[in-house]
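**Student:** got a structure for you, letters missing:
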């Protein structure tokens, strides 16, 4: 390996402005707990009923283990590319190129399913009991996509500040829901019937659950923007993962216990069904925090994807324009491009029925690819924990010290990998015919993407806090 040159910090570096108190709200808000319950609770209730609760508990374990794995990886390799960079550093650029494809799909497929409901909830708040036409729904959706550009283009600190405001609304609303639910439990409680174990339904819930248990990893993608890149990123993710899980520990049992399952099953907003029982004359009590939760999730999910594209553009494996920074140290080209494509997809889905059906099927794969991302992260972490001391002596890894984390990463890899496989069996029943074929095509396309960008994978951009070095690879697997 030969050191070529010290990178120009003004051109290649993001501004290191995030503190720990910025990263924690980012991690929790990126999960969007209230919106997640509103968006997925109906599908979960329909697929598994009361067995949704143990399914979420089972899935939460490997995700929380993953937060500790991410903490380890951030301590050794903080980088705005996070998962993509770790894979390149530990396994090699060819594998990392495929993982980059999974990352792009996972996060982009997650954006329109947040933006469209945000618009619908806004219309329901302003015009209750209305039946808006597709054009009005499109305008409301476009409003939130454009709004997301404000914090994203203003810079890291404004993004954190605006997120904290929306996060505060969500936390206060969560407290109100829990206190009100407990206070009204005796008058609203409904019979509890678990019934026989719906194995297929629970497996579907587990994959769908990936969309409600991810997002806390945003602090890893914000590592280069952290004041303490080897200390706070990862740690904030652990706090975010646990806090988000605490939302579900309280909300799902109360919602299921106080609302007839028939009203929750396949409801477009089961949280509103519960809220109507708690606050029959005040729908805004539910709608405002759900909108705040969706809005935060929208720009923070976009934030993650912009940092992935920024990292790849900086290494010239995708157009280098993706790495262009504004005066506020924002990858503005990547941000604007993602938001424009999101606007086009959302508009097509809402305005044109045939395209809406197609995009609805494609976007429903978000949970699968999010789970695939965490699966690959766990595999990469396992390889690092087992072989890292040999290939990366600079990492100062202590295998004995991390033996429990090694076991945890293996457990997460096996669990998530098994869920991905079983989804091909039970996915069509929950989502619809064609989902297996859609996933297969998109997975195969990833090999073409990896081949094309892998040919350009000549450099690996290494971030060391305030020191950044560009390393030329002789062999893609021997990156130090």
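**Tutor:** Happy to help now that I have it. Since we're looking at a predicted model, the values are computed, not measured.
**Student:** which secondary structure element contains the closest residue to residue 402 other than its chain neighbours?
**Tutor:** Distance criterion C-beta to C-beta, 6 or more residues apart in numbering; nearest residue to residue 402, sequence neighbours excluded, is residue 385 at 5.7 Å. (Glycine included, C-beta is placed from N, CA and C.) Per DSSP states H and E, residue 385 falls inside helix 366-391.
**Student:** packing partners for that helix?
**Tutor:** On a contact count with 3 or more C-beta pairs under 8 Å, 6 or more residues apart in numbering; DSSP states H and E, helix 366-391 meets helix 52-76, helix 83-90, helix 93-108, helix 199-208, helix 210-213, helix 403-431.
**Student:** Neighbours of residue 423, how many?
**Tutor:** Residue 423 has 26 neighbours, counted by other C-beta atoms under 10 Å.
**Student:** I misspoke; the intended subject was residue 360.
**Tutor:** By the criterion of other C-beta under 10 Å, residue 360 has 15 neighbours.
**Student:** give the contact list for the residue of the chain positioned farthest from its centre.
**Tutor:** Relative to the centre of the chain, the most outlying C-alpha is that of residue 187, 36.8 Å out, by C-alpha atoms, centre = their mean. Contacts for residue 187 (C-beta atoms under 8 Å, 6 or more residues apart in numbering) come out as none.
**Student:** Can you read off the pLDDT for it?
**Tutor:** Note on residue 187: pLDDT of 84.
**Student:** quick one: it is in a helix?
**Tutor:** Yes. Counting by DSSP: H, G, I helix; E, B strand; the rest coil, residue 187 is found in a helix.
**Student:** how far away is it from residue 263?
**Tutor:** When distance is defined by C-beta to C-beta, to the nearest Å, residue 187 is 17 Å away from residue 263.
**Student:** now swap in residue 279 and tell me
**Tutor:** Taking C-beta to C-beta, one finds residue 279 at 16 Å from residue 263.
**Student:** ranges for the strands of the chain?
**Tutor:** 2-6, 459-464, 467-472 (DSSP state E).
**Student:** And those strands, which one averages the lowest pLDDT?
**Tutor:** Mean pLDDT across the strands of the chain is lowest at strand 2-6; the value there is a mean of 39.
**Student:** residues near the closest residue in space to residue 27 that isn't next to it in sequence, how many?
**Tutor:** Counting by C-beta to C-beta, 6+ apart, residue 27 lies nearest to residue 240, which is 2.5 Å off, once chain neighbours are set aside. Using other C-beta under 10 Å, residue 240 has 25 neighbouring residues.
**Student:** Point out where this protein drops to low pLDDT.
**Tutor:** Applying pLDDT under 70 to the chain picks out residues 1-11, 355-356, 388-401, 430, 432, 456-458, 464-480.
**Student:** wait, doesn't residue 37 sit right on residue 271?
**Tutor:** Yes. The pair residue 37 and residue 271 qualifies as a contact (C-beta atoms under 8 Å) at a distance of 5.1 Å.
**Student:** quick one: common contacting residues for the two?
**Tutor:** Joint contacts of residue 37 and residue 271 (C-beta under 8 Å, 6+ apart) are 251, 255.
**Student:** chain center to stretch 351-369: distance?
**Tutor:** 18 Å (C-alpha atoms, centre = their mean, to the nearest Å).
**Student:** how about it: buried residues?
**Tutor:** For stretch 351-369, the neighbour count (16 or more other C-beta atoms under 10 Å) marks 356, 359, 361, 362, 363, 364, 365, 366, 367, 368, 369 as buried.
**Student:** ditto for stretch 59-68
**Tutor:** Result for stretch 59-68 [16+ other C-beta under 10 Å]: buried residues 59, 60, 62, 63, 64, 65, 66, 67, 68.
**Student:** Closest to residue 288 out of these?
**Tutor:** Distance to residue 288 across these (C-beta to C-beta) is lowest for residue 60, with 27.2 Å.
**Student:** Not counting sequence-adjacent ones, nearest residue to the closest one?
**Tutor:** With C-beta to C-beta, 6+ apart, the residue lying closest to residue 60 is residue 245, at 5.3 Å.
**Student:** any idea how far residue 85 is from the one you found?
**Tutor:** Taking C-beta to C-beta, one finds residue 245 at 26 Å from residue 85.
**Student:** repeat for residue 323
**Tutor:** Relative to residue 85, residue 323 is positioned 14 Å away (C-beta to C-beta).
**Student:** Can you pull the residues that touch both of these two?
**Tutor:** Common contacts of residue 323 and residue 85 (C-beta under 8 Å, 6+ apart): residue 311.
**Student:** circling back: compare residue 245 and residue 85 (neighbour count), which wins?
**Tutor:** residue 85 (29 against 21).
**Student:** list the contacts for the more buried one?
**Tutor:** Taking C-beta under 8 Å, 6+ apart, one finds 77, 79, 96, 311, 460, 461 in contact with residue 85.
**Student:** In ChimeraX, how would I select just the buried ones from those residues?
**Tutor:** ChimeraX command restricting the contacts of residue 85 to the buried ones, with burial defined by 16+ other C-beta under 10 Å:
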select :77,79,96,311,460,461
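**Student:** Name the nearest of the contacts of residue 85 relative to residue 407.
**Tutor:** Ranked by distance to residue 407 (C-beta to C-beta), the contacts of residue 85 are led by residue 77 at 21.3 Å.
**Student:** My guess is the closest one contacts residue 89. True?
**Tutor:** Yes. Under the criterion of C-beta under 8 Å, residue 77 makes contact with residue 89 at 5.5 Å.
**Student:** my guess is residue 138 contacts residue 352, does it?
**Tutor:** No. Assessed by C-beta under 8 Å, residue 138 is found out of contact with residue 352, at 10.5 Å.
**Student:** buried stuff in stretch 36-55?
**Tutor:** Of the residues in stretch 36-55, 36-53, 55 count as buried by neighbour count, 16+ other C-beta under 10 Å.
**Student:** How much space separates residue 294 from residue 112?
**Tutor:** Distance from residue 294 to residue 112, by C-beta to C-beta: 12 Å.
**Student:** same thing with residue 240?
**Tutor:** According to C-beta to C-beta, residue 240 and residue 112 sit 23 Å apart.
**Student:** cool, residue 184 as well?
**Tutor:** From residue 184 across to residue 112, the span is 35 Å (C-beta to C-beta).
**Student:** follow-up on the earlier one: among the helices and strands packed on helix 366-391, which is nearest residue 21?
**Tutor:** Of all the helices and strands packed on helix 366-391, it is helix 52-76 that lies closest to residue 21, at 17.3 Å by C-beta to C-beta.
**Student:** Could you list every helix and strand in contact with that closest one?
**Tutor:** helix 33-48, helix 199-208, helix 210-213, helix 218-221, helix 235-258, helix 366-391, helix 403-431.
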